[in-house]
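> structure, please.
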Amino acid sequence: MKDEKAELSVMYRTKARAILESIDDDVIAKGNLLQRATSSAICLDKALILAGEAPINVNVQVLMQVMDAIRDKRDAGIDLLQQQARLSLPA
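Predicted coordinates:
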């Protein structure tokens, strides 16, 4: 399994480099840059993870808390708008 991870890591690094190197002035002009840059980044991230060199350690619990806080704030804003709409309706 370790050999397979190492092999996949090398393959992903190779693909990431090839994709990144394919971004030239013509590609940039055609607008295909985002897809190529995204593909390159994904391949590189996978290569690093497989090699045990994860680029970022994301704390999912913290992300969920942030998401909940954003949702709560959004819902509070919606509630406020609904209250204001009710108050502005003719009696």
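> helices of this protein, start to end?
Ranges of helices within the chain are 2-21, 25-30, 33-50, 60-88, based on DSSP state H.
> weakest of the ones you listed by average pLDDT?
Lowest mean pLDDT of the helices of the chain: helix 25-30, a mean of 78.
> reformat the helices of the chain as JSON lines; add mean neighbour count.
Just so you know, the C-beta spots here come from the backbone N, C-alpha and C atoms, and that holds for glycine as well. Formatted as JSON lines, these follow (neighbours: other C-beta atoms under 10 Å):
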{"stretch": "helix 2-21", "mean neighbour count": "14"}
{"stretch": "helix 25-30", "mean neighbour count": "10"}
{"stretch": "helix 33-50", "mean neighbour count": "16"}
{"stretch": "helix 60-88", "mean neighbour count": "9"}
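> need the CA coordinates for stretch 4-23. CSV is fine.
Coordinates of each C-alpha in stretch 4-23 appear next as CSV, following Å, rounded to 0.1, in the frame of the first residue of the first chain:
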residue,chain,number,x,y,z
GLU,A,4,1.1,2.4,-4.3
LYS,A,5,0.7,5.7,-2.4
ALA,A,6,4.3,6.7,-3.4
GLU,A,7,3.6,5.8,-7.0
LEU,A,8,0.3,7.7,-7.1
SER,A,9,2.0,10.7,-5.5
VAL,A,10,4.6,10.8,-8.3
MET,A,11,1.9,10.4,-10.9
TYR,A,12,-0.2,13.3,-9.4
ARG,A,13,2.9,15.5,-9.2
THR,A,14,3.7,14.7,-12.8
LYS,A,15,0.2,15.5,-14.0
ALA,A,16,0.1,18.7,-11.9
ARG,A,17,3.3,19.9,-13.5
ALA,A,18,2.0,19.0,-17.0
ILE,A,19,-1.3,20.8,-16.4
LEU,A,20,0.4,23.9,-15.0
GLU,A,21,3.0,23.9,-17.8
SER,A,22,0.1,23.8,-20.3
ILE,A,23,-1.0,27.2,-19.2
